[in-house]
Every structure is written in C-alpha cells, then in structure tokens.
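Visitor: Pasting the sequence and the predicted coordinates here, then a few questions.
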Amino acid sequence: MTQDMIHQENGVFPAVCPLDCPDTCGLLLHKENGRIVKVTGNPDHPVTQGAICNKVRNMAERVYHPERLMYPLRRVGAKGEGAFEQISWDEAIFEITERFKAMTEEYGAESILPYSFYGNMGILGVDGMDRRFFNALGSSKLKQSICNSAGNEGWKSVMGFNAGTLPEETIQSDLIIVWGGNIVSTNMHQVVLAEKARKNGAKVIVIDVHKNQTGQWADWFIPLHPGTDTALAIGIMHILFRDGLVNETFMEQYTLGHAELREHVTEYTPDYVSSITGIPAEHIEELAAMYGRAEAAYIHIGNGLQHHDNGGMAVRSIACLPGLTGHWLKPGGGAAKSNGGYSSMNGDALERPDLRPNPEARSINMNRIGEALAMTDKPIKGMFVYCSNPLVVAPDTERVRTGFAREDLFTVVHDLFMTDTAKYADIVLPATSSFENTDVFASYWHPYIQLQEPVIPAQGESKGNVELFSLLGRAMGFPEAAFSETEEEMISRALDYPDNPYLDGVTLSALKEHRHVKLNLTPYASYLDHLPTPSGRIELYSEALAAAGLPPLPTYVPLKEGYDGIRRGRGHQYPLMFISPPTHNFLNSTFANVPKHQKLEKEPFLQIHPEDAAERSIEDGMWVSVYNDRGTFEVRAKIVEKMLPGTVVSQGLWWDADGRKQRANALTSDRLADLGEGATFFSTVVEVRPN
Ligand SMILES: Nc1nc2c(c(=O)[nH]1)N[C@H]1C(S)=C(S)[C@@H](COP(=O)(O)OP(=O)(O)OC[C@H]3O[C@@H](n4cnc5c(=O)[nH]c(N)nc54)[C@H](O)[C@@H]3O)O[C@H]1N2
Ligand SMILES: Nc1nc2c(c(=O)[nH]1)N[C@H]1C(S)=C(S)[C@@H](COP(=O)(O)OP(=O)(O)OC[C@H]3O[C@@H](n4cnc5c(=O)[nH]c(N)nc54)[C@H](O)[C@@H]3O)O[C@H]1N2
Ligand code: SF4
Ligand SMILES: [Mo]
C-alpha cells in the first residue's frame, strides 16, 4: 500500500497518532487533491473506536502550518536570536559530520550528547536508527528520565515490570480510582471505558492536588497537599488491616512482606495521615472502606503524582494496595501505571549497542541538562536535539538557556518548527511529520501494535528521523549494513523477539494486512504467577530497595524543598507549592505555536485559592508574577477554590511570547526524585505577587 497512499490524490487512509499519549489512536486521513483535509478516528481500532481528541482533529493545521521548517538552516545571528540562512542538505550533512569528527578527535566522542524524547512515538525514529547512529559514534548516552522514570521504578519495585490491568477490562471494575492523573485530557479513552463501568454501577474517585477536568467528572473528588500520596496510601493500608478488609489468602499466596507491612502501618492512623495530607480523617476512613469492600477496584496511577522528590515511593505505595485486597484476581481489578512492558520489542536489534566502541560511555541525565552543559571537566561540545524541546520542557529554564547559549557549543536541532530550542542551534534541520513516514507504534496503555506508512510525501526538503540518521551514519563511514536497512527490515527485526511472548504473532505481514495487531495475551492469564520481581511475588517489602539505601516498606518521606515551611503557612520565603501539569489542547509544548490550539487555550493562567489571593491583594484576572530563586513566570490570576490553600496551579507548557515570561519551567528544579533519577517538576515552591 506504501507508494499507493502517497500517490493517491483523493481518499481516506489509515494512520496512527504519533503523539506521546497513552491512547495511541488509530486515525483516518482524508485526502483531497493530494492534501490532508481532515483527520478523524479510525472506527476499526478496537480500543479507540473512532473517537479522537481535538488536538489531533486539528492536526492538518500543524502539518501544513506556514511556519513549518522546509529546508536546512545555518545560524547567522546570535544564539537565541532566530536569524538563519538557508543551506543545502549536502552542506548541512558535511558540516555536522566534519564538526563531529573534529570533536571526537580533540575531545573524544563522549563530548557529543544526543537529546531526544518522544515528540514522535514511532519506534524506528526514536529508539531505532537514531540510537544506531549515536552508538556507532560513541557519544555520551542520555538518561531519558523526564517523564515517568520515578513512577516506573516505584511500580517495578512491587510488580517487577511495567504492566498491569489492561484497559478493556476496566469496564468490569466496580470502583475506579484515578490517582494523580487527568485522564479527561490525557487518556480520554480510559474515560469512555470508565463511563461503561459506571453504567454498571461503578463509582469514580479522583485524588489530585487540584480539581482538574477529571476531578469535575468524578463522583468524588479528594484534594490533598502535593507530595503526600504515600501517606494517604499507607493510611488506607492501616484501615484495611485494622478492619480486616485485607485478603489473607491472597497475601499469603502472592505477596512478600505482608506481616512486616501490617506492623509498619500501625502508626499511620487516620488522624496522623489527615495532618499530613489535608484530607479529613473521616474521608480517609470512607475511602479505605470503599476500596476494601469493592470486589474489583481498579487504580489508574497517573504521571502527575510521581513528578516529586518522593514520586517513586508514592507510586510504589499505591501499587501495593491491590496486593492487600487481592482485587487482582477479579477482571477489571488491580492497577496500572503503564502497560508499556507488554509490548517491549527487540531493543538490541533496533538500537545496535554492539556498534558502540565504548560500552561504558558516560550517561547524562536529561533532567540536568543545564548542569551538564556547565561542566568544565570533560565538557559537552556538541548537542543533537530531536523530538524534544528542552528550552521549554526541561526544568530550571534559565540554567538550560545559559547552557544552550554557550558560544563554544555546536548544536543541531531536528524539528518541524523553529522551537525555542531550535533558535539556539547552529544547524536546524527540517523534520517530516509522521504521516510522511513508515514506522511502527506501540501503546503504553492498550495492547495493539500499529503500522504507519506514508500518506503524503515529505513536505519541502524535510526528512524523517530514520532517513536523517541513516544519511548521517553513512556520511560518517559507519558500518553500511546497519545504516542502509529499510524501515520494513527494521520492523521485522524489532518484532522478532522471543524474550517477549506477548509479541507472538505480531508480524510485519499481519500489520500490513490489518494495520493494528493485538498482542498475544495468553500469558496475561497467569500474570501474577510470573512476576519478574526478585522473589516472583508482589513485593510489599523490597530487599532491592533496602540494598539501595531506601525504605524497603512503603514509607512517607516529606518533600525536600521548604515543605514544612509551607505547611506551617506564613513566614516562609516561598510558601506556595507550584504545580504545572499538561493542558487539554497542547501535547507538552507541541501545538503551543498553532493558532487553532492557542485559541482553544487562550492564555496561560494561575489558579490560586481565594485565601491565598486575599493575603496577597490579588484580584481575579490580574497579572501576577510567580517567582522563586530560579526565575519568574508571568500570568493572569484566576481565583478558584479547586485546590487546598497553599497550592497554585498553571497548566500547559507555553513558549515565550510578546516579551512575557511564559515558561513554567523557569521555576522548577532539576533535583532528582527518589527513584529512577526522575524529574521533580511539581516539588516546586514559589511566592506570587501582583504585577
Ligand atoms: N492533552 C494532553 N494529553 C497528554 C499530554 C499533554 O500534554 N496534553 N501529555 C502526555 C504525557 S507526556 C504524559 S506523561 C501524560 C501525563 O498525564 P497524566 O498521567 O494525567 O499526568 P499529569 O497530567 O502530569 O498530572 C496529572 C495530575 O497530577 C496532579 N498532581 C500533581 N502533583 C500531585 C500530587 O502530589 N499528588 C496527586 N495525587 N496529584 C498530583 C496534577 O494536578 C494533575 O492534575 O499525558 C499525556 N497526554
Ligand atoms: N513543568 C513541567 N514540565 C514538564 C512536564 C510537566 O508536566 N510540567 N511534563 C514532562 C513530561 S511528562 C514530558 S514527556 C516532557 C515532554 O517533553 P518533549 O518530549 O520535549 O515534548 P514536546 O514539548 O511535545 O516536544 C516534542 C518536539 O518534537 C518535535 N517532533 C515531533 N515529531 C518529530 C519527528 O518526527 N522528528 C523530530 N526530529 N522532531 C519531532 C515536535 O515538533 C516538538 O517540538 O516534558 C516534561 N516537562
Ligand atoms: S493525542 Fe491521544 S487522544 Fe488525541 S488522537 Fe492522539 S492518541 Fe488519540
Ligand atoms: Mo510524559
């Protein structure tokens, strides 16, 4: 079908949503006169069933955006200024390879650092040909910990691998707890499934630090202080043990450490937990009773609650809950943080670590890119940024900006747009949209693998990641075979992975025939019998954590930054907690430059509690400065009673505009979380003043 779709001027063609969103929707692209005029959902997709979000319904605006990059550019102005001249691809490739060769000679290849994330989830482009290139180059490695690594490690410490309850089962749940996730905006098809469960009588509870769209939809919204979820989870355990709501037989058969845990949680009384979380003790009692008495409770663990100093432990503690009640045994019961573990592919065949001359090369944490760029010992001299926009998304913007502004740093950015990061590049390369490429997609939520083949030709002179990195690899003189493989060959290799029995039957030919192929879920039936934890059991007690110097049992550890000061209220320099989660109509910083999406979001604003506003003489709609030692963020205040006093919230990752300081990450810290070296975006303290 490949060439067909590109060459057909009119028709409706299958596609996959490439965005970093759990739903990974099946799409239909409607073409007229060779152009995509409409994007709709593919009704054949078993989980997403033809429904898609507003962002992607308007995707054609992004694909044909007048500011899309069409040819390679070389910087002519100062870094950050945005002045560039057009160059040819030959010149661009020549300059990049010459610079990388010279750097390797003078400083060693580890002076070069790739910086990428999942702006496009196509596996060949972000975990494939790109990795081959940086492996063969011997560059520094990047620890990709900006999104979910604290929570994933927390989950794995209990369950062994990143997978839990499957979405289609959740229609059978009788209680759904959405914990630190805004699924109405970030995982909309889980809402559809939860609605079905609700029709059968299920209740929906949302636990969050602000009443987001999901909180408004819930039967019961429970607000709490940021970073206190561990205390709440342990408080629930206390009541479950106290009131005999645990499943003794299940714990005996499937868990490790329940006796130690029972003893350990006695001190977390409802009153004590209430004093930490801000939730009334009777609400904690009611929540625990509802959970303990449910038959098939499902806990959706969001990403928000793990962007904290103690985020790994928070996810770990929540993940223990269904191990106490045994809800795992009922269809629809259990929990999930991510289901990415079911679809893991053959990473070695894709990424070719065997090409690396220096397997022990250093690893740089992407959350600390500002600090890394300031290193004077073994400095980073070259950066290659793709599928990410660190000037907007990485913590502590000013530090990041200072790093990227370094005159002696050679930076390449490959993107569809002149992002805030691209403005600091020496060479900017135009990227294709995913509708112009062949790639394979897995979801970290549902169990379907999908194929994308090009529906429109590459726009302008843009190139996809696979083509770009194979071109660079060949220009560097790296092993020909690895850099001339076709996309289809790469897909076949990726799927050929006997280590993952769930991939059994997922093949390129099946994908070509059906576009989406379900994982083989037979092994799922015995999920609990094959947990890859050290003990093979649900680890309520973790030796591995103890060995790493962390509490082996769920334990509440307060946030690092000024948290006690905040809880006492006044007298602290930065007495408010600042939460900056994603917004409905953008995807991280993607779409923030598209007029249609901007119009839907209007402008960034700060949600502030009436008590906190009154103390600062802030009125509704007033411009305010949110600030701390790291920087300032300027927004309009919106006075709402959606949080407990002491927390302020601003949704969305905006680009700078009109001279205003619009970047939430100007305030956030690059401290790392307790597990997985994860990001701590939401453990941020600030003060707010009227402008
Ligand atoms: N529309 C849209 N969809 C998206 C994205 C997007 O930008 N826009 N981004 C995608 C990506 S990359 C990701 S990782 C996911 C993220 O999506 P989610 O898993 O929904 O996570 P977040 O939206 O980061 O945060 C969810 C909630 O956590 C809350 N929160 C913050 N701190 C705490 C806390 O201490 N305790 C509790 N209980 N809650 C807390 C925040 O207030 C927020 O409402 O969404 C994906 N989908
Ligand atoms: N304050 C705060 N900061 C956060 C978060 C938060 O909640 N609050 N969330 C964090 C999380 S969970 C995440 S995942 C990160 C996300 O951070 P990023 O991964 O940087 O996500 P985006 O901002 O969407 O940027 C993706 C970029 O990739 C580009 N792109 C898309 N497709 C392609 C392609 O095929 N090739 C190339 N070369 N480029 C492409 C897009 O145009 C876009 O500029 O942000 C993190 N930052
Ligand atoms: S962003 Fe998410 S909900 Fe929207 S179309 Fe893509 S996968 Fe579906
Ligand atoms: Mo993310």
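Guide: Received it, and whenever you're ready, just let me know what you need. Ligands and ions are numbered 1, 2, ... in the order given.
Visitor: so residue 329 touches residue 251, yeah?
Guide: No. Judged on Cβ atoms under 8 Å, residue 329 makes no contact with residue 251 at a distance of 12.0 Å. Where C-beta positions appear, they are placed from N, C-alpha and C, glycine not excepted.
Visitor: The two: which is more packed in?
Guide: residue 251 (22 against 16; other Cβ atoms under 10 Å).
Visitor: so how many other residues sit close to the residue nearest to residue 99 when sequence neighbours are not counted?
Guide: Leaving aside its sequence neighbours, residue 99 sits nearest to residue 410 (Cβ to Cβ, 6 or more residues apart in numbering; 5.1 Å). The number of residues packed near residue 410 is 21, by other Cβ under 10 Å.
Visitor: Give me the nearest residue to the closest residue to ligand 2 within the chain, chain neighbours excluded.
Guide: Going by Cβ to the nearest ligand atom, ligand 2 is nearest to residue 119 of the chain, at 2.1 Å. Excluding its sequence neighbours, the residue lying closest to residue 119 (Cβ to Cβ, 6+ apart) is residue 387, at 3.7 Å.
Visitor: Let me see the contact set for the one you found.
Guide: 116-120, 125-126, 414-415, 465 (Cβ atoms under 8 Å, 6 or more residues apart in numbering).
Visitor: how about 10 Å then?
Guide: Shown in contact with residue 387 (Cβ atoms under 10 Å, 6 or more residues apart in numbering): 18, 20, 115-122, 125-126, 130, 414-415, 431, 465.
Visitor: now do residue 323
Guide: 158-159, 237, 246-247, 250-251, 254-258, 261, 334-335, 528, 537-540.
Visitor: Can you pull the residues of the stretch 301-450 of the chain lying near ligand 2?
Guide: Neighbours of ligand 2 within the stretch 301-450 of the chain, by Cβ under 6 Å from any ligand atom: 303, 386-389, 393, 414-417, 419, 431, 434.
Visitor: Got the phi and psi for the residue of the stretch 301-450 of the chain found nearest ligand 1?
Guide: Proximity of the stretch 301-450 of the chain to ligand 1 (Cβ to the nearest ligand atom) peaks at residue 304, 1.9 Å away. With angles defined as degrees, to the nearest 10, residue 304 sits at phi -60, psi -40.
Visitor: Wait, it touches residue 224, no?
Guide: No. Look at residue 304 against residue 224 with Cβ atoms under 10 Å: they stay out of range, at 11.9 Å.
Visitor: Give me the common contacts of these two.
Guide: 180, 208-209.
Visitor: between these, which is closest to ligand 1?
Guide: residue 180 (3.4 Å).
Visitor: residues in contact with the longest helix seen in the chain?
Guide: When the chain is scanned for its longest helix (criterion: DSSP state H), the result is helix 89-107. The contact list for helix 89-107, computed with Cβ under 10 Å, 6+ apart, reads 71-74, 87-88, 109-112, 133, 137-139, 378-382, 384, 410, 412, 426-430, 461, 463, 468, 471-477.
Visitor: Give the rounded mean pLDDT of it.
Guide: Averaged over helix 89-107, pLDDT sits at 98.
Visitor: Can you give the distance of it from its chain's centre?
Guide: Relative to its chain's centre, helix 89-107 lies at 32 Å (Cα atoms, centre = their mean, to the nearest Å).
Visitor: what comes up buried for it?
Guide: 92-93, 95-97, 99-100, 103-104 (16 or more other Cβ atoms under 10 Å).
Visitor: Just put those in a markdown table and tack on distance to residue 611.
Guide: Listed next are these as a markdown table, based on distance: Cβ to Cβ, whole Å:
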| residue | distance to residue 611 |
| --- | --- |
| 92 | 55 |
| 93 | 59 |
| 95 | 57 |
| 96 | 55 |
| 97 | 59 |
| 99 | 55 |
| 100 | 56 |
| 103 | 55 |
| 104 | 58 |
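Visitor: of all those residues, which comes closest to ligand 1?
Guide: Distances from ligand 1 to the buried residues of helix 89-107, taken by Cβ to the nearest ligand atom, are shortest for residue 96, at 28.5 Å.
Visitor: Distance of the closest one relative to residue 358?
Guide: 20 Å (Cβ to Cβ, to the nearest Å).
Visitor: go on, residue 470?
Guide: Counting by Cβ to Cβ, the gap from residue 470 to residue 358 is 22 Å.
Visitor: more crowded one of the two?
Guide: Applying other Cβ under 10 Å to residue 470 and residue 358 shows that residue 470 carries more neighbours, namely 25 against 15.
Visitor: I figured the more buried one hits residue 129, correct?
Guide: Yes. Between residue 470 and residue 129 there is a contact at 5.5 Å, judged by Cβ under 10 Å.
Visitor: if I look at these two, which residues touch both of them?
Guide: 464, 482-483, 485, 487, 490.
Visitor: on that earlier part again, the residue of the stretch 301-450 of the chain closest to ligand 1 - how many residues pack around it?
Guide: 25.
Visitor: residues in contact with it?
Guide: Contacts of residue 304 by Cβ under 10 Å, 6+ apart are 151, 179-182, 186, 208-210, 212, 226, 229, 311, 579, 581-582, 681-682.
Visitor: got it, and residue 550?
Guide: Contacts of residue 550 by Cβ under 10 Å, 6+ apart are 157, 312-313, 316, 542, 544, 557, 674-675.
Visitor: Phi, psi for it please.
Guide: Torsion angles, degrees, to the nearest 10, at residue 550: phi -110, psi 160.
Visitor: pLDDT below threshold where in the stretch 201-350 of the chain?
Guide: The model of the stretch 201-350 of the chain has no residue with pLDDT under 70.
Visitor: Next up, phi/psi of the spatially most central residue of the chain, please.
Guide: Against the mean C-alpha coordinate of the chain, by Cα atoms, centre = their mean, the closest residue is residue 147 at 3.9 Å. For residue 147, the backbone dihedrals (degrees, to the nearest 10) come out as phi -100, psi -70.
Visitor: and the residue nearest to it when sequence neighbours are not counted, what does it touch?
Guide: Leaving aside its sequence neighbours, residue 147 sits nearest to residue 303 (Cβ to Cβ, 6+ apart; 6.8 Å). Contacts for residue 303 (Cβ under 10 Å, 6+ apart) come out as 22, 147-148, 150-152, 180-182, 186-187, 311, 315, 337-338, 581-582.
Visitor: So which of these sit within strands?
Guide: With DSSP state E as the criterion, strands contain none of the contacts of residue 303.
Visitor: my read: residue 124 touches residue 485, true?
Guide: Yes. Using Cβ under 10 Å, residue 124 is in contact with residue 485, at 9.5 Å.
Visitor: With neighbour numbers in mind, choose between those two.
Guide: Between residue 124 and residue 485, residue 124 has the larger neighbour count (other Cβ under 10 Å), namely 26 against 21.
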